[in-house]
Every structure is written in C-alpha cells, then in structure tokens.
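Student: Predicted model and sequence follow; I will ask about them next.
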Amino acid sequence: MKYVAVKRHGGPDVLRLADAPTPRIGAADVLIAVQAAGVSHADVMQRAGRYPPPAGASEILGLEVAGTIAAVGEGVKRWRAGEAVCALTNGGGYAEYVAVPQGQVLPVPDGWSAVEAATLPENAFTVYDSLIARARLRSGETVLVHGGTSGIGSTAIMFARALGASVVATAGTDEKCNACRMLGASLAINYHTQDFVAETLAATSGGGADVIVDIVGGDYIMRDLEALAPDGRIACLATPRGRTIELDLSRLFAKRATLFASSLRPRSSGEKAAIARKLLRDIWPLLPRRDPIAPLVDSVFTFERAADAHTRLEASAHIGKIVLIPSGK
C-alpha cells in the first residue's frame, strides 16, 4: 500500500510517499480502505518529533479516517466488509489501509461523503468527552470557545448549539469571526483587535462563561479565569501558547472553578469505544439533517501533497478541517 512517510523529524518537507505492507488485523480489528483522512495538529507535532505515538501504536501519521471496510477480524460481529465507516485510529490514517479496533469505528452519517465524514472522529470524540461528559455543559449555559474555526473549535460550537447552549467564540481574523457566526456562535471576538475577557463579560451581563474550551494554553488560562462564571469549568485541550503557567490558586477558589486537561490519544481502546457508543447515541442521530452540526471542510489534498496540507495547517490559514485523500480517489 501507499502511505505518507516521515523519513526524519522536521518541517513539512520531510513528508514523502512510500510503500509498506498492508496492516495485519487482530481478532477485534477492522481493516479500512481509506478514502479520506483528517489532518490535525497532533500529526504536525508527531512529524516534528514533539508528540511520539504511544507504545504499540502505528508510527504512520493520521488519527481519523473514512472509507469502506475491507476485512474484519474473526471476533468482529458489528461490522461487515463493504460498509462505509469513519473511525478514530490509533495512528496509521495517512495510508491506503489502516487497522482499527472495532469499538472506535462509527457509520458514515447518511448523506455525508467520505471527505466530510473524515472531519468527524478526532474532534467529535475530543469535544464530546471534554465539553459534554466532563464539563457537563447544559442547555441555557454559555460556553466560550477559543479558536472557533479550528477543528476542535468548530465542533465545539456546533455541539454546544445542539445542546441548547449560547456560544461566544474567538478567532484571529474578521473572516474567521464571520465563519464562527455562521456555525452558530452568537458572538465572535477577533482576539487581535478585541479583549475576549471584556467582550465575554459584556455579553453575559458580567456573569461570565459557564464553560471555556481552551486550545491555546499558556497565559490564556489566567485570562480564562477572569472570563469564567462562578462554578465554571475550563477544558484545556492544547498548549501552543505554552505548557507552563504561574497559577494564582486564589482565582480558582474565588470562582469555585474547575480546570482540567484532556488528551485522547493515550487512552485505551475500551475508553475510546465507550465514547463512541455515547456519540452514536447522542450525536449521530443529529448528523443527517446537517443542522446544527454540519461538515466544515477547508481543503482537500492528495497524499502526495501532504506537505502542502501541513503547511496550510501550521500557517493557521484554514477555516475548518483539512483532509487528505489517496491518489485517484
């Protein structure tokens, strides 16, 4: 099979198309013929040598795919060859074939293409677990979403709207702010020209956001506490602005705040399968009608142009998800 290889750690130019044997599947695995693979910041960090895969995981990039099932392990009862599926992988998505534990596989929603379905798994698993299961966002609450046009940010906006919450989003350009509003945010803040703390407090009559989805980290955390409502919850999901902060615990006490971090990749297949079951129950029935949850595809590149896809992601030039497809698809 063809796959996108990382010959050495470095910039996007280290990505090359190469050949490898088709993965072998275990008794509880399915083999997916990949039609599309989502591109994420985790892929970029792994390529650069800053995010090594967990022990036993594939060294090949790619944590989410869509395609058709080519084969199933002898212990698989839920899935059959030929079914259209999308999946959260344990690595290996940038390839023509990938082996995935059966519990991490979900059906392609009715009316969604493979490219559209490939935008779902990683963000849906992450946002459901952090925003709904752990932060316990409820109807009528307000959520502040940083990076509203990123994969996680856009998914958080749509999931929050599906729950009946009000959304405030931040983004880096007026164009991206417009996109946030189209996704369902009632207020979009250009963080280059506006103070997100002041704007959030003004939008909530001084009360603050009940939940904050932070994919920035660093000094944003202390500012999040200023924008947070009493008994509020902050979900920190990424730290491009810095992993180390000086935290004044009195701010947490004053707000009775909960600050937690979440990482999906190191979790067991059993934990991921549990999230998949909840997604199938709570979110998947909403997807065929594409409102309020709809695919947001920024651009599509072939495997040969994986370097261009990574360059676009690192430049923050995208609105929505960047997707890779094998040649000829």
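Tutor: Everything's here; your move. Numbering: from 1, shown residues only.
Student: Show me which residues of stretch 33-42 are buried.
Tutor: Going by neighbour count (16 or more other Cβ atoms under 10 Å), the buried part of stretch 33-42 is 33-42. For the C-beta atoms, the positions are set from N, CA and C on the backbone; glycine is no exception.
Student: per-residue pLDDT, residue 241?
Tutor: The predicted structure scores residue 241 at 83 on the pLDDT scale.
Student: Helix or strand: which one has the residue nearest to it when sequence neighbours are not counted?
Tutor: The spatially closest residue to residue 241, leaving aside those adjacent along the chain, is residue 218, at 3.2 Å (Cβ to Cβ, 6 or more residues apart in numbering). When secondary structure is defined by DSSP states H and E, residue 218 falls outside every helix and strand.
Student: With the one 3 residues further on instead?
Tutor: Residue 221 belongs to helix 220-227 when assigned by DSSP H and E.
Student: Now that helix: buried residues?
Tutor: Of the residues in helix 220-227, those with enough neighbours to count as buried (16+ other Cβ under 10 Å) are 220-221, 223-225, 227.
Student: C-alpha coordinates for it, CSV please?
Tutor: Backbone C-alpha positions of helix 220-227 (Å, rounded to 0.1, in the frame of the first residue of the first chain) are rendered in CSV as follows:
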residue,chain,number,x,y,z
TYR,A,220,-4.7,32.4,28.4
ILE,A,221,-5.6,30.2,31.4
MET,A,222,-5.4,33.1,33.8
ARG,A,223,-7.4,35.3,31.5
ASP,A,224,-9.9,32.5,31.1
LEU,A,225,-10.4,32.7,34.9
GLU,A,226,-11.3,36.4,34.5
ALA,A,227,-14.0,35.5,31.9
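Student: Tell me how far it lies from the chain's centre.
Tutor: Distance of helix 220-227 from the chain centroid (Cα atoms, centre = their mean, to the nearest Å) equals 22 Å.
Student: List of residues touching whichever helix or strand comes after it?
Tutor: Per DSSP H and E, the first helix or strand lying C-terminal to helix 220-227 is strand 228-236. Strand 228-236 is contacted from outside by 130-131, 134-136, 142, 204, 207-214, 217, 221, 224-225, 255-262, using Cβ atoms under 8 Å, 6 or more residues apart in numbering.
Student: Show me which residues of strand 228-236 are buried.
Tutor: By neighbour count, and taking 16+ other Cβ under 10 Å as the criterion, the buried residues in strand 228-236 are 228-229, 232-236.
Student: Turn those into JSON lines, including pLDDT and distance to residue 104.
Tutor: Rendered in JSON lines, the data for those read as follows (pLDDT from 0 to 100; distance: Cβ to Cβ, whole Å):
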{"residue": "228", "pLDDT": "99", "distance to residue 104": "33"}
{"residue": "229", "pLDDT": "99", "distance to residue 104": "35"}
{"residue": "232", "pLDDT": "99", "distance to residue 104": "31"}
{"residue": "233", "pLDDT": "99", "distance to residue 104": "26"}
{"residue": "234", "pLDDT": "98", "distance to residue 104": "27"}
{"residue": "235", "pLDDT": "98", "distance to residue 104": "22"}
{"residue": "236", "pLDDT": "97", "distance to residue 104": "24"}
